[in-house]
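**Q** Next comes the sequence, and after it the predicted model I'd like to discuss.
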Amino acid sequence: MTVRPSLPGRLVASALLCSLALAACGGGSSSDSDSGSDSGSKGAAGVDLSGVKVTFGSKEFTEQLVLGQIGVQALKAAGATVTDRTNLTGTSVVRTALTSGEIDAYYEYTGTGWITILKKTDPVPGAEPQFTAVRDADKANGITWFARAEANNTFAIAANPDAAKELNVSTLSDYARVAKEQPDKATLCSSAEFINRNDGLPGVEKAYGFTLDPKKVIQLEPALVYTQVGKRNPCSFAVVFATDGAIKGNDLVVLKDDKSFFPPYNISVTMRTPVYQANAAKFDKLFDTIDKQLTDAKMTELNAKVDVDGEDAADVAKQFLDDAGITS
């Protein structure tokens, strides 16, 4: 399941050193050696970055590993010399690596940047306004946000496919109707976090005008939420992350947030401003070409290839870039 972890402050420094060391913490897919562009052809997406050095990172969960490899491989294919520092543990660690210059770039989420990193209390409604707000605010920290993708890994409520058909549910307004008219059929599986946070269940209930019986909310470990709603036991609906591969793996139906309640968590590239400015037009062209392909459906598909089909994140990234015509 996709998570956006933040390590406690006293662990950040040691975790950063551990993550960036020569595999000292074991088992990661990251590499500290420079890797050139010999594995791809120069000029990916019509961009030539020969002579440019970039260190690209990522967090440690599936979606981030895929995105990290997309960034690494695309830059290499464009001729850059790339150091792979993917698979860092948590938002705090990878962000500290970025601001300290240990890495030059990684994919981040607009909502995470605004709420978790910049400590803004209220999200900005709308994908583009939220992106603009976090981009403008982070300039003061020497970080440039660019190439926002459609893919939005925000909270969502999903339905068991049989329940969706039986109850004629496709939107959160439909779910609110079921919760009010047929409360016994509105059973909701959720991790603990969502149940109490303002941008979680209490906020959804307020926005859509319903209140669930607490007995109809079943708290489960995150990994079990997807499988149990897939079995429709003990719930017909579940709280998910919108681009998680387990959605596809369990044939779940993501309900449309028709009142746009959930904050946007669109995928965007974050890069140290001096690195970005040195080749801004080229980075824009390369990553805009990539991120136009990263829709919710495509990101879910890529995640499922790893989590459901057991493929390697690097192989999934390579196939995506090939299929998108960015590399060959």
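**A** Structure's in. What do you need?
**Q** Tell me where the stretch 101-250 of the chain has helices.
**A** Remark: helices assigned in the stretch 101-250 of the chain by DSSP state H, counting those that start in this stretch are 110-111, 127-138, 161-167, 172-181, 192-196, 201-208, 222-231, 245-249.
**Q** helices and strands of the chain: which one bottoms out on pLDDT?
**A** helix 9-20 (a mean of 37; mean pLDDT, DSSP states H and E).
**Q** Lowest mean pLDDT across the helices of the stretch 101-250 of the chain, which one is that?
**A** Comparing the helices of the stretch 101-250 of the chain by mean pLDDT, the weakest confidence falls on helix 192-196, with a mean of 83.
**Q** helices or strands up against that helix?
**A** helix 201-208, strand 217-219 (3 or more Cβ pairs under 8 Å, 6 or more residues apart in numbering; DSSP states H and E). Quick note: C-beta positions are derived from backbone N, CA and C, even for glycine.
**Q** The lengthiest helix in the chain - what's its average pLDDT?
**A** The longest helix of the chain (DSSP state H) is helix 62-77. Average pLDDT, helix 62-77: 97.
**Q** how far out from the middle of the chain is it?
**A** Relative to its parent chain, helix 62-77 has a centroid offset of 13 Å by Cα atoms, centre = their mean, to the nearest Å.
**Q** Equivalent analysis for stretch 243-261, please.
**A** Counting by Cα atoms, centre = their mean, stretch 243-261 is centred 14 Å from the centre of its parent chain.
**Q** Residue ranges in this protein under the pLDDT threshold?
**A** Residue ranges of the chain with pLDDT under 70: 1-43.
**Q** per-domain residue ranges of it.
**A** 9-21+28-152+265-323, 155-254 (automatic domain parsing).
**Q** ok, and which of the helices of the stretch 101-250 of the chain has the densest surroundings?
**A** Mean neighbour counts were taken over the helices of the stretch 101-250 of the chain using mean count of other Cβ atoms under 10 Å, and the top value, a mean of 28, falls to helix 110-111.
**Q** got the contact list for that one?
**A** Helix 110-111 is contacted by residues 123, 127, 130-131, 134, 145, 148, 154, 263-266, 268 when judged by Cβ atoms under 8 Å, 6 or more residues apart in numbering.
**Q** repeat that with 6 Å
**A** Contact partners of helix 110-111, identified using Cβ atoms under 6 Å, 6 or more residues apart in numbering, comprise 130-131, 134, 263-266, 268.
**Q** Just grab the bridge partners of Arg272 for me.
**A** Note on Arg272: beta-bridge partners by DSSP bridges are Ile143.
**Q** next one: Ile157
**A** Listed beta-bridge partners, Ile157: Val239 (assigned using DSSP bridges).
**Q** so it makes contact with Leu255?
**A** Yes - using Cβ atoms under 6 Å, Ile157 makes contact with Leu255 at a distance of 5.1 Å.
**Q** Which residue of the two possesses the greater neighbour count?
**A** Taking neighbours as other Cβ atoms under 10 Å, Ile157 and Leu255 compare with Ile157 leading, 26 against 20.
**Q** quick one, what contacts the more buried one?
**A** 237, 239, 255.
**Q** 10 Å instead?
**A** 169, 171-172, 175, 188, 190, 194, 201, 204, 229, 237-240, 242, 252-257, 262 (Cβ atoms under 10 Å, 6 or more residues apart in numbering).
**Q** The closest residue to Phe146 other than its chain neighbours: helix or strand, and which one exactly?
**A** In space, Phe146 comes closest to Val269 once its chain neighbours are excluded; the distance is 5.5 Å by Cβ to Cβ, 6 or more residues apart in numbering. In this assignment (DSSP states H and E), Val269 forms part of strand 267-272.
**Q** who touches the helix or strand following that strand?
**A** Downstream of strand 267-272, the next assigned helix or strand under DSSP H and E is helix 273-278. The contact list for helix 273-278 (Cβ under 10 Å, 6+ apart) reads 52-55, 101, 103-105, 138-139, 141-146, 269-271, 280, 283-284.
**Q** can you give me how far helix 273-278 is from the chain middle?
**A** Distance of helix 273-278 from the chain centroid (Cα atoms, centre = their mean) equals 24 Å.
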